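Trainee: I'd like to go over a predicted model; first the sequence, then the structure.
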Amino acid sequence: MPPLMLEKPAVRRFLVFSVVLAAGACIPPGNSTQNDAGSGASALATAPPTRPSVGVMTAAFEDNFDRPGLPGDAAPSRAPLATSAEGRDGGTERRAPERPATATDRGDAGDAATALADGGRAEPAESPRDIARREAALAAAAADESLGPNWRQAQTSVWHIENGRLCGQGAHNHGVWLNKVLPVNARIEFDAITESADGDLKAEVWGDGQSSARSISYTDATSYLTIFGGWKNTFHVLARINEHGNDRKEIKVDATSDDPREKPVTRGQSYHFRIERTDGKTIKWSVDGVDMLSYEDGTPLTGSGHDHFGFNNWEVKVCFDNVKVTPIASM
């Protein structure tokens, strides 16, 4: 039998194919590329793993909103956005900070025409919209200062300390966030009270700590939401991301029911909320010791972007007090 001729094309192709197969079998799993991994790698590429949170709290945090030097009768009942250079905030006159007069403001020998003739440049007059935005920013900064370093408002200035409580009205789903970074498992407790028969006591848990609604309907939250007496006191709701979503858990309010879970929120009554997650995936919510709703999440909101807690509101005045957040060790 004649010796094997390696120069034949068919033989050469066979040997190259064998070498490639052997080399592929020796690639360690940790060094394989997306193409090596097939469909599983594509799924990972489109759904990257959760980024772990940084600076996670390890000790309990408490705040009763007692702020020395901030008398209750001096706190506004509502902190509106200013719409002019001079406005009123809770009955107290507030004037915009002085700004340097421009050539246009003076209207005399230093007017814009003179300035240009002298080789200068006329400064444009500040528009009413610019004034309103500056006033809103100043109001928000002043309100945040009274809240203290642990709380941050989300593009609003309606949240403030009043009589030792954190209050807000007309937030339109622009909440106030606690700056502390939550672990995956934690217990969140607080007292809540509404000054309206509409109820609407709302909290956000495991959100990003900065977002607010970008439209009228809050369908793009970053959190789970508990809403006690929502929609003019007709539903109690526990939702994920979208408070109007079909996957939300809800209880329809019925004032005639004997079930304490179905009772409407009472104006002026203080309620004690408890929201917790102990298994990394299930949110449990109770009010005054009564279990309300739970949400077991197959893709739980965890890690960076889902590690803060805050309060929210639509229109009516609500207040919160005695906040306590306790980390829970992973099970």
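Mentor: Perfect, thanks for sending it. Numbering: from 1, shown residues only.

Trainee: what residue ranges in the stretch 201-331 of the chain score low on pLDDT?
Mentor: 331 (pLDDT under 70).

Trainee: now the helices for it?
Mentor: Under the criterion DSSP state H, counting those that start in this stretch, the stretch 201-331 of the chain contains helices at 230-233.

Trainee: K284 against S294, yeah?
Mentor: Yes. Shown here, K284 and S294 form a contact pair, counting by CB atoms under 8 Å, at 4.7 Å. For the C-beta atoms, the positions are set from N, CA and C on the backbone; glycine is no exception.

Trainee: look at these two and report which has more neighbours.
Mentor: A count of neighbours by other CB atoms under 10 Å puts K284 above the other of K284 and S294, at 18 against 14.

Trainee: for that one, give the beta-bridge partners.
Mentor: E276, S294 (DSSP bridges).

Trainee: report the separation between it and F235.
Mentor: 18 Å (CB to CB, to the nearest Å).

Trainee: again with S294
Mentor: In terms of CB to CB, S294 sits 16 Å off from F235.

Trainee: next one: N242
Mentor: 14 Å.

Trainee: one more: Q153?
Mentor: From Q153 to F235 the distance is 26 Å (CB to CB).

Trainee: the two: who's more crowded?
Mentor: Taking other CB under 10 Å, Q153 and F235 do not tie; Q153 has more neighbours (24 against 17).

Trainee: quick check: bridge partners of that one?
Mentor: Under the criterion used (DSSP bridges), Q153 bridges to V176.

Trainee: from memory G280 sits against P300, does it?
Mentor: Yes. Counting by CB under 8 Å, P300 is a contact partner of G280 at 6.1 Å.

Trainee: what do these two both touch?
Mentor: Shared contacts of G280 and P300 (CB atoms under 8 Å, 6 or more residues apart in numbering): V184.

Trainee: more crowded one of those two?
Mentor: P300 (20 against 13).

Trainee: and the more buried one, what does it touch?
Mentor: Contacts of P300 by CB under 8 Å, 6+ apart are V184, R277, G280, K281.

Trainee: at 6 Å what do you get?
Mentor: Counting by CB atoms under 6 Å, 6 or more residues apart in numbering, P300 makes contact with K281.

Trainee: from R240, how far off is it?
Mentor: Counting by CB to CB, the gap from P300 to R240 is 9 Å.

Trainee: G230 too?
Mentor: 15 Å.

Trainee: repeat for T156
Mentor: Taking CB to CB, one finds T156 at 23 Å from R240.

Trainee: just A213 next, same as before
Mentor: Using CB to CB, we find A213 at a distance of 16 Å from R240.

Trainee: what does G199 give?
Mentor: Following CB to CB, the distance that separates G199 from R240 is 21 Å.

Trainee: neighbour count for these two, which is higher?
Mentor: Using other CB under 10 Å, the more surrounded residue of G199 and R240 is G199, with 25 against 20.

Trainee: verify the contact between that one and T266 for me.
Mentor: No. Between G199 and T266 there is no contact under CB atoms under 6 Å: 8.4 Å.

Trainee: check what pLDDT A25 gets.
Mentor: Per-residue pLDDT puts A25 at 43.

Trainee: ok, now A141?
Mentor: The predicted structure lists A141 with a pLDDT of 60.
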